[in-house]
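# sequence isn't available, so here's the structure alone:
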């Protein structure tokens, strides 16, 4: 494999693992009420909670796109149609969530901190009951589709088998993400992302580290 592809693949997979685990830790702290909210998945975040939750989430978007591009360039010719589709869905995901998180961090958070959010109600990020939350869960639905298509690149036993399984598992979370706005308890199924996605990215890092 071209050294640039191997290096980009490895480090983007490492960054995806780190950013996703940072988000998972922050989400646990948020649900336990440690970041100033009332706790649980239905509570609106405080400015501190938004900063801690959304900073790694914002950084995850471009890292995931680079990872999917790296997977595409390591795919054999017969698999590149699937990896190309994965890149397309990853790009859509990153575009949507980057808009959501950058607006929250750069515009909404300062207004909340000043107590001056009365006229921006449409932009408040409230789980299951806000415009931007709907955009966010659709973005992560597209991420699930990206991992589902990327799974077709990896074949055979050993590490490739486990990568394929974890990418498919993450892809199977699609209904739990896309339908949350209609039935919020689906978030508990969607929360398996905290396992499937970091593990898949960690395995991808091992893959790029091991290829000659």
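Noted; the coordinates are in hand. Owing to the predicted nature of the structure, the values given are computational and were not obtained by experimental measurement.

# if we ignore the residues flanking it in sequence, what's nearest residue 151?
Leaving out its chain neighbours, the residue that sits closest to residue 151 by CB to CB, 6 or more residues apart in numbering is residue 167, at 3.7 Å. C-beta here means a position set from N, CA and C on the backbone, and glycine is covered the same way.

# in what helix or strand does the one you found lie?
Following DSSP states H and E, one finds residue 167 within helix 159-171.

# next secondary structure element downstream of that helix?
Tracing the chain past helix 159-171, the next element assigned as helix or strand by DSSP H and E is helix 174-178.

# which parts of that next one are buried?
Of the residues in helix 174-178, those with enough neighbours to count as buried (16 or more other CB atoms under 10 Å) are 174, 176-178.

# would you list the residues you listed in TSV and tack on distance to residue 4?
Conversion of the buried residues of helix 174-178 to TSV gives the following (distance: CB to CB, whole Å):
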residue	distance to residue 4
174	32
176	36
177	33
178	35
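
# which one among those gets closest to residue 86?
Distance from residue 86 was checked for each of those by CB to CB. The minimum falls on residue 174, at 13.7 Å.

# ok, now which ones touch that closest one?
If you count contacts by CB atoms under 8 Å, 6 or more residues apart in numbering, residue 174 has them with 141, 144-145, 148.

# hmm, try it at 7 Å
Residue 174 is in contact with 141, 144-145, counting by CB atoms under 7 Å, 6 or more residues apart in numbering.

# now for the helix holding residue 167, which elements pack on it?
Helix 159-171 makes packing contacts with helix 131-150, helix 193-210 when contacts are defined by 3 or more CB pairs under 7 Å, 6 or more residues apart in numbering; DSSP states H and E.

# quick one: residues contacting residue 20.
The neighbourhood of residue 20, defined by CB under 7 Å, 6+ apart, consists of 60, 197-198, 201.

# again, but for residue 151
Under the criterion of CB under 7 Å, 6+ apart, the contact list for residue 151 reads 164, 167-168, 171.

# give me that answer again for 6 Å
Listed by CB atoms under 6 Å, 6 or more residues apart in numbering, the contact set of residue 151 reads 164, 167-168.

# format those as a markdown table; extra columns: distance to residue 95 and pLDDT.
As requested, those are exported to a markdown table (distance: CB to CB, whole Å; pLDDT from 0 to 100):
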| residue | distance to residue 95 | pLDDT |
| --- | --- | --- |
| 164 | 26 | 97 |
| 167 | 21 | 98 |
| 168 | 24 | 98 |
